[in-house]
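# Here is my input; please provide its structure:
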Amino acid sequence: MKDPRIDPISPEQRAEPVVVVPYDSAWPAAFEQLRDLIAPALGELAAGIEHVGSTAVPGLDAKPIIDIDVVMRHAEDLDEVVRRLTVLGYTHLGDLGIVGREAFRATRDLPRHYLYVCAAGSAPLQAHLTLRDALRADPQLAAAYAALKHELAERYRDDRDSYAESKTPFITSVLLNERAGRRRTHRNG
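Below you'll find the model as predicted:
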């Protein structure tokens, strides 16, 4: 188990079983509520605030947790971004082993979400956006991902880490296919 001091999931949430639920049309509104809280606090430091992850894909079953990437204009603004998010009640957790992506734990009074801060153009941001956009564009791919998530949620009901790790081969495959497709497009264009 991960050290709870550096885990974006609170100890109480970590004890909950992994549950994948049908798509909820309220997820985009929850994202908008969170974006509307974060955007004014960050102001000019944020180039954008992106709804990523499965809840950002219409029709895709998911764990009912909104994933958000704040896109910083400049990596050197991180200290000020951390300061401003701390004022909102977020706890900065560091990169949790993923260079280029800073994680934050939210307060309990907000809709359930994971908040990450990435510099514009960073690899973690690009991966999140590429996966989201590929799933949005291909209903069959999204259905395959949903089926995998349901299977893994059953298998790893009480093991969030194994659930997440077991999705990695699928995600990596999507990212590699998308990169290969872009390379073909550039060569043929």
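# Could you list the low-confidence segments of this protein?
Applying pLDDT under 70 to the chain flags residues 1-15, 182-189.
# check contacts around the most centrally placed residue in the chain.
The centroid of the chain falls nearest to Asp67 when counting by CA atoms, centre = their mean (3.6 Å). Neighbouring residues of Asp67 by CB atoms under 8 Å, 6 or more residues apart in numbering: His51, Val52, Gly53, Ser54, Thr55, Ala56, His113, Tyr114, Tyr116, His128. In this view, the C-beta of every residue, glycine as well, is placed from N, C-alpha and C.
# three-state assignment of the last one?
Reduced to three states with DSSP: H, G, I helix; E, B strand; the rest coil, the structure at His128 is helix.
# Name the nearest residue to it, ignoring sequence neighbours.
In this structure, His128 finds its nearest non-sequential neighbour in Val52, 4.1 Å apart by CB to CB, 6 or more residues apart in numbering.
# Surely the one you found is in contact with Asp69?
Yes - assessed by CB atoms under 8 Å, Val52 is found in contact with Asp69 at 5.2 Å.
# residues bridging contact with those two, i.e. touching both?
His128, Leu129.
# That's all I had, so thanks and see you.
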